[in-house]
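**Q** Got a sequence here, can you model it:
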Amino acid sequence: SLSVGGAAVIDAGTRGITLANAANAFTGPVTLIGGAVTLANADATTFGGASNVGSLTLNAGGTVSETGTLSVSGTSSLDAGGNAITLGSSGNSFGGNVAFTGAAVTLASNGALSSSGTATGTLTETAGGAITQGGVLNVTGASTLTSNGGDITLGQANTFGGNVAFAGRNVTLTAGTGGL
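**A** Below you'll find the predicted structure:
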């Protein structure tokens, strides 16, 4: 396992990064540059940024946040267990679906945003393009979906436990259980 007390910059160019040991301890911001990235952190995870990342898999033992922007061309999988995920920078770019498991979840993208997963608290999504889904959404609390100039299309058997507020051009919401 790795133990890094300060900022960590992990630059593999276009090659993959695999740091999957659950005992890893990154206590400072982690900046990632690489192809397919797999990161496990026993603690809270703060991204200092991510550039030219092909795909991103994160298993965190605490909250997930950012101080810099994330650029992921492929899919992302973020597991914070029962902790918050806050990736709200409008400069973020997610080219593929963002799968998540967390408490309160906040995601933002400067373009389109596709997501799926479970939020045991609230869900807030803000996109510079369309908001879609790559799988079912299960949200215990309220959801706020804002597409700046794009459509919002959530047509799967979703579960929304709280109020769903939205702003978008054309909006399609489907709930399998719960209400809208």
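
**Q** contacts and neighbour counts: CA atoms only from here.
**A** Will do.

**Q** what secondary structure does the spatially closest residue to residue 154 that is not a sequence neighbour sit in?
**A** Spatial nearest neighbour of residue 154, excluding adjacent residues (Cα to Cα, 6 or more residues apart in numbering): residue 173 at 4.9 Å. Secondary structure assignment for residue 173 (DSSP: H, G, I helix; E, B strand; the rest coil): strand.

**Q** And for residue 96?
**A** coil.

**Q** any idea how far it is from residue 104?
**A** Separation of residue 96 from residue 104 (Cα to Cα, to the nearest Å): 21 Å.

**Q** who has more neighbours, those two?
**A** Counted by other Cα atoms under 10 Å, residue 96 and residue 104 do not tie: residue 104 has more neighbours, with 23 against 19.

**Q** ok now do the more buried one, which residues does it touch?
**A** Taking Cα atoms under 8 Å, 6 or more residues apart in numbering, we find residue 104 in contact with 83, 84, 85, 86, 119, 120, 121, 122, 123.

**Q** Just the pLDDT for residue 179.
**A** pLDDT for residue 179: 59.

**Q** tell me which element residue 14 falls in.
**A** Following DSSP states H and E, one finds residue 14 outside all helices and strands.

**Q** what about it, how many neighbours?
**A** For residue 14, using other Cα under 10 Å, the count is 13.

**Q** For residue 66, grab phi and psi.
**A** Torsion angles at residue 66 (phi, psi; degrees, to the nearest 10) stand at phi -150, psi 150.

**Q** Quick one: residues contacting the spatially closest residue to it that is not a sequence neighbour.
**A** Spatial nearest neighbour of residue 66, excluding adjacent residues (Cα to Cα, 6+ apart): residue 47 at 4.4 Å. Applying Cα under 8 Å, 6+ apart to residue 47 gives the contacts 29, 30, 31, 32, 64, 65, 66, 67, 68, 70.

**Q** JSON lines please, covering these and showing secondary structure, distance to residue 138 and pLDDT.
**A** Shown next, in JSON lines, are those (DSSP: H, G, I helix; E, B strand; the rest coil; distance: Cα to Cα, whole Å; pLDDT from 0 to 100):
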{"residue": "29", "secondary structure": "coil", "distance to residue 138": "29", "pLDDT": "98"}
{"residue": "30", "secondary structure": "strand", "distance to residue 138": "29", "pLDDT": "98"}
{"residue": "31", "secondary structure": "strand", "distance to residue 138": "30", "pLDDT": "98"}
{"residue": "32", "secondary structure": "strand", "distance to residue 138": "29", "pLDDT": "97"}
{"residue": "64", "secondary structure": "strand", "distance to residue 138": "19", "pLDDT": "98"}
{"residue": "65", "secondary structure": "strand", "distance to residue 138": "21", "pLDDT": "98"}
{"residue": "66", "secondary structure": "strand", "distance to residue 138": "24", "pLDDT": "98"}
{"residue": "67", "secondary structure": "coil", "distance to residue 138": "27", "pLDDT": "97"}
{"residue": "68", "secondary structure": "coil", "distance to residue 138": "28", "pLDDT": "96"}
{"residue": "70", "secondary structure": "strand", "distance to residue 138": "24", "pLDDT": "98"}
